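Fold the following, please.
(one chain, ligands or ions: 2)
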Amino acid sequence: MTTPSFVYTSVPQRVVFGAGSLQHLAREIDLLGARRALVLSTPEQRPQAERVADMLGAHAAGVFDRAVMHVPIETAREAREVAARLGADCAVAIGGGSTTGLGKAIALDSGLPILAIPTTYAGSEMTPIYGITEAGMKKTGKDFKVLPRTVIYDPELSLGLPVGMSVTSGINAIAHAAEGLYAVDSNPIMDLMAQEGIAALGRALPAIRATPKDPDARSDALYGAWLCGTVLGNVGMALHHKLCHTLGGSFNLPHAETHTIVLPHALAYNAEAAPQAMARIAKALGGSTAAQAVYDLARDNGAPVALRDIGMKESDLDLACEHALKNQYPNPRPLERDAIRALLQNAWEGVRP
Ligand SMILES: NC(=O)c1ccc[n+]([C@@H]2O[C@H](COP(=O)([O-])OP(=O)(O)OC[C@H]3O[C@@H](n4cnc5c(N)ncnc54)[C@H](O)[C@@H]3O)[C@@H](O)[C@H]2O)c1
Ligand SMILES: O=C(O)CCC(=O)CC(=O)O
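Ligands and ions are numbered 1, 2, ... in the order given. Okay, the predicted model is just below:
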């Protein structure tokens, strides 16, 4: 196999990884040159946010605990006002993609540096991509101002992530790497990270299901999430992410579950157009085809495999298909209306591809 032409841009970002690495928080805030950190979380993760604020002592400006899915503009405005009023010079986001997303909304407006402490596998902490929802419409964009400057990955903080969320969040991460392997702007470094990330999560998710507090499995999963998130941040996504953004944005379906259900079908759709990528995904997961390996990983670990089971109405599939065909993301196989409609039907029914 010859190496194709590629462009690779590396971005400065500091990653501190390991069990117990939260202990380095004060050092990392100091290295950022910050003195007053606003700690962000969801309401459910307020206790973890308070622990972080306690660790920062006089360097904590306060806790803002109102992060919610998809970053409503009203929440973003409120958080920006609180940050300005408290004189914060940095945001510490502890939680999943929703909390990191709120930090990004603040950074987009103010340039405040973000220190992210991820507790799911969504991967937002490694990307310059932001999403903000206004009047029911989610807009996404890319700006390096929002890329967290420092990320502390401490697997101990994800020990309590419920098994169901761990599995779907892990497959959300696998989706970034899978699409990275057939991205129009892929490169060999991202391919290596993608295959390694998929393999790490493929090992970790069954182990987490068997023993949710297994520290090695949690560490492996977070390592995979880091790699897959890096791929998401560096190369463009395709049909699968377009479908999930459509289903999540227009039909209000839950993010990680939607990724989990749609991915096998998006991979089946692209299989013949991206054979090398499929071979790498299948190899990483130890399956015969990429699509079946992802489907089996989800089904065997108790995740939903049908859109009808997470609130999608069959009568909305035609509309979802129309939305998916608009403002298309680059994809290895051209988008064909009938085949996309069939893909959505299969995902709705939950058939094994
Ligand atoms: N911009 C990007 O690059 C990017 C990438 C991936 C996802 N996202 C966005 O992130 C959002 C989804 O993020 P998510 O899937 O991480 O879910 P989330 O952040 O919405 O978290 C879901 C729930 O799990 C809780 N939770 C998180 N970690 C926990 C833990 N360790 N223990 C117990 N509960 C925990 C949260 O408090 C929340 O209640 C979506 O809006 C998605 O669009 C953005
Ligand atoms: O909602 C965002 O911030 C963008 C989400 C994204 O591109 C990754 C995903 O769908 O998991």
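
other SSEs contacting the lowest-mean-pLDDT helix or strand in the chain?
For the chain, scoring each helix and strand by mean pLDDT, DSSP states H and E identifies strand 137-142 as the least confident one, at a mean of 88. For strand 137-142, the contact count by 3 or more Cβ pairs under 8 Å, 6 or more residues apart in numbering; DSSP states H and E identifies strand 129-134, helix 239-251 as packing neighbours. Just so you know, the C-beta spots here come from the backbone N, C-alpha and C atoms, and that holds for glycine as well.

Just list what the longest one packs against, helices and strands only.
What that stands for is helix 239-251. For helix 239-251, the packing partners by 3+ Cβ pairs under 8 Å, 6+ apart come out as strand 137-142, helix 163-181, helix 255-270, helix 317-325.

how about the shortest one against ligand 2, any contact?
This means strand 137-142. Yes - between strand 137-142 and ligand 2, judged by Cβ under 6 Å from any ligand atom, the touching residues are Thr140.

do stretch 189-200 as well
No - if you take Cβ under 6 Å from any ligand atom as the test, stretch 189-200 misses ligand 2, and the best it gets is 13.8 Å.

coming back round to it: among the helices and strands packed on strand 137-142, which comes closest to Ala175?
Shortest distance between Ala175 and the helices and strands packed on strand 137-142, using Cβ to Cβ, is found for helix 239-251: 5.7 Å.

and the closest one with ligand 1, contact?
No - against ligand 1, helix 239-251 shows no contacts by Cβ under 6 Å from any ligand atom, the least distance being 6.7 Å.

Convert that helix to PDB, retaining C-alpha atoms only.
What follows is helix 239-251 as a C-alpha-only set of coordinates in PDB (Å, rounded to 0.1, in the frame of the first residue of the first chain):
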ATOM      1  CA  LEU A 239     -22.900  10.700   6.700                       C
ATOM      2  CA  HIS A 240     -23.100   9.100  10.100                       C
ATOM      3  CA  HIS A 241     -22.600  12.400  12.000                       C
ATOM      4  CA  LYS A 242     -24.900  14.200   9.600                       C
ATOM      5  CA  LEU A 243     -27.700  11.700  10.300                       C
ATOM      6  CA  CYS A 244     -27.100  12.000  14.100                       C
ATOM      7  CA  HIS A 245     -27.100  15.800  14.000                       C
ATOM      8  CA  THR A 246     -30.400  15.600  12.100                       C
ATOM      9  CA  LEU A 247     -32.000  13.100  14.300                       C
ATOM     10  CA  GLY A 248     -30.800  14.800  17.500                       C
ATOM     11  CA  GLY A 249     -31.400  18.300  16.400                       C
ATOM     12  CA  SER A 250     -34.800  18.000  14.700                       C
ATOM     13  CA  PHE A 251     -36.400  15.000  16.500                       C
END
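
just how off-centre is the strand or helix carrying Leu227 within its chain?
Using DSSP states H and E, Leu227 sits in helix 215-234. A distance of 10 Å separates the C-alpha centroid of helix 215-234 from that of its chain, computed with Cα atoms, centre = their mean, to the nearest Å.

elements contacting that helix?
Using 3+ Cβ pairs under 8 Å, 6+ apart as the contact test, the elements touching helix 215-234 are strand 14-17, strand 150-153, helix 163-181, helix 188-210.

at 6 Å instead, please
If contacts are counted by 3 or more Cβ pairs under 6 Å, 6 or more residues apart in numbering; DSSP states H and E, helix 215-234 sits against helix 163-181, helix 188-210.

Other residues contacting stretch 275-288?
Residues lying outside stretch 275-288 but in contact with it, judged by Cβ atoms under 6 Å, 6 or more residues apart in numbering, are 178, 181-182, 195, 198-199, 202, 271, 289-290, 293.

switch to 7 Å and redo it
By Cβ atoms under 7 Å, 6 or more residues apart in numbering, the residues outside stretch 275-288 that reach it are 178, 181-182, 195, 198-199, 202, 267, 271, 289-290, 293-294, 296-297.

Farthest-apart pair in the residues you listed, please.
Taking Cβ to Cβ as the measure, these span a maximum distance of 20.6 Å, between Tyr182 and Asp296.

Neighbour count for the two, which is higher?
Here Tyr182 and Asp296 are set side by side on neighbour count (other Cβ atoms under 10 Å), and the busier one is Tyr182, at 27 against 17.

from what I can see that one touches Asn331, true?
No - the pair Tyr182 / Asn331 is not scored as a contact, 8.2 Å apart, by Cβ atoms under 7 Å.
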